[in-house]
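Visitor: Here is my input; please provide its structure:
(one chain, ligands or ions: 1)
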Amino acid sequence: MSNENRVALVTGASRGIGAAIAERLAADGHTVVINYAGRAGEAEALAAKIEKAGGHALTAQADVSDPQAVARMWDAAEAAFGGVDVLVNNAGVMRLATLAEADDALVDGQIAINLKGPINTMRLAARRLREGGRIINLSSSVVGLYQPTYGVYAATKAGIEALTHVLARELRGRNITVNAVAPGPTATALFLDGKPQQAVDALAKLAPLERLGQPEDIANTVAFLAGPDGGWINGQVLRANGGII
Ligand SMILES: NC(=O)c1ccc[n+]([C@@H]2O[C@H](COP(=O)([O-])OP(=O)(O)OC[C@H]3O[C@@H](n4cnc5c(N)ncnc54)[C@H](OP(=O)(O)O)[C@@H]3O)[C@@H](O)[C@H]2O)c1
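Guide: Okay, the predicted model is just below:
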């Protein structure tokens with residue numbers, strides 16, 4: 001298996017970890033579909049950067065929590081490239097609050113994007129991903145760390161890990177692997193926004209490697225699972241976190 005002629009759809013790829021994954025998969029030879037929700041300009045700029053470097057990319061706006069929008073995106077990817085081989089469920093949001101303080105908007109928003117979103121894409125992938133395909137879901141090392149205020153977010157990610165195990169088994173006979181990558185604290189807006197520098201520094205020091213993850217650290221891990229060397233890994237959760245847990 002080579003990455004050439006393979007098509008990878010990366011959700012939430014307009015910035016952060018998703019953008020690094022799209023760029024890396026393109027450099028590895030995949031044609032990439034850059035999904036985004038709101039940041040069209042950033043998605044277009046990433047597509048242009050990939051094309052300039054000799055890769056192939058298409059942008060696709062879709063709110064992953066909307067099943068119809070996801071179906072239209074999948075149709076567009078198939079129409080443009082003939083099929084999809086790799087699905088990376090990266091789109092996600094994080095809003096922190098104790099359970100006592102969690103309002104409906106916080107609960108419903110995270111469940112819609114972090115849990116229903118990947119369900120929307122995975123059920124299409126289960127029907128339409130090409131033989132030999134790969135599904136890679138972004139979980140989080142908060143599943144395991146269980147810090148206060150992370151409850152609802154961690155619950156959506158625990159759900160993703162359960163779905164990863166179940167879908168890996170449901171796809172028996174299709175030569176499709178399903179895995180999750182669970183980053184620790186990674187230097188993106190999702191992690192950094194709203195945190196005092198002192199809290200960021202403390203979290204950075206928690207892992208034995210004593211630094212924050214970078215989006216490229218996570219992209220490297222996803223690229224391994226998406227590429228030829230990752231073919232024997234199936235139904236697993238790979239924590240990419242510098243050893244924080
Ligand atoms: N950063 C961390 O420390 C960390 C740790 C563990 C796990 N993770 C997980 O890694 C993934 C990426 O996180 P990140 O840190 O890169 O976040 P980020 O910088 O905030 O980027 C999030 C991306 O998701 C997209 N997105 C948000 N809602 C969407 C929706 N409804 N439909 C489609 N796309 C949507 C955003 O698109 P627009 O900007 O275009 O709206 C953006 O491209 C998430 O699943 C997150 O839970 C992150």
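Visitor: Contact residues of the chain facing the ligand?
Guide: The chain comes close to the ligand at residues 11-18, 35-39, 63-65, 90-94, 113, 138, 140, 183, 185-186, 188-191, as judged by CB under 6 Å from any ligand atom. (Each C-beta comes from the backbone N, C-alpha and C, glycine too.)
Visitor: Grab the most central residue of the chain for me.
Guide: The centre of the chain sits closest to N90, judged by CA atoms, centre = their mean, with a distance of 1.8 Å.
Visitor: So the residue lying farthest from the centre of the chain versus V152, what's the distance?
Guide: The outermost residue of the chain, judged against the average C-alpha position, is A100 (28.8 Å), by CA atoms, centre = their mean. To V152, A100 is 12 Å away according to CB to CB, to the nearest Å.
Visitor: got it, and A45?
Guide: 32 Å.
Visitor: Look at the two and report which has more neighbours.
Guide: For A45 versus V152, the count of surrounding residues by other CB atoms under 10 Å is larger for V152: 21 against 14.
Visitor: Secondary structure element holding that one?
Guide: For V152, the host element (DSSP states H and E) is helix 151-170.
Visitor: Now the element after that helix, going C-ward?
Guide: Next helix or strand after helix 151-170 toward the C-terminus (DSSP H and E): strand 177-183.
Visitor: That following strand to helix 151-170, inter-axis angle?
Guide: With axes from the mean of the first three to the mean of the last three CA atoms, to 10 degrees applied, the angle from strand 177-183 to helix 151-170 works out at 160 degrees.
Visitor: which residues are contacting strand 177-183?
Guide: 17, 133-141, 143-144, 157, 160-161, 164, 167-168, 171, 213, 217-218, 221-222, 225, 230-231, 233-241 (CB atoms under 8 Å, 6 or more residues apart in numbering).
Visitor: ok, then the element right after that strand?
Guide: Sequence-wise, the next helix or strand downstream of strand 177-183 (DSSP H and E) is helix 189-192.
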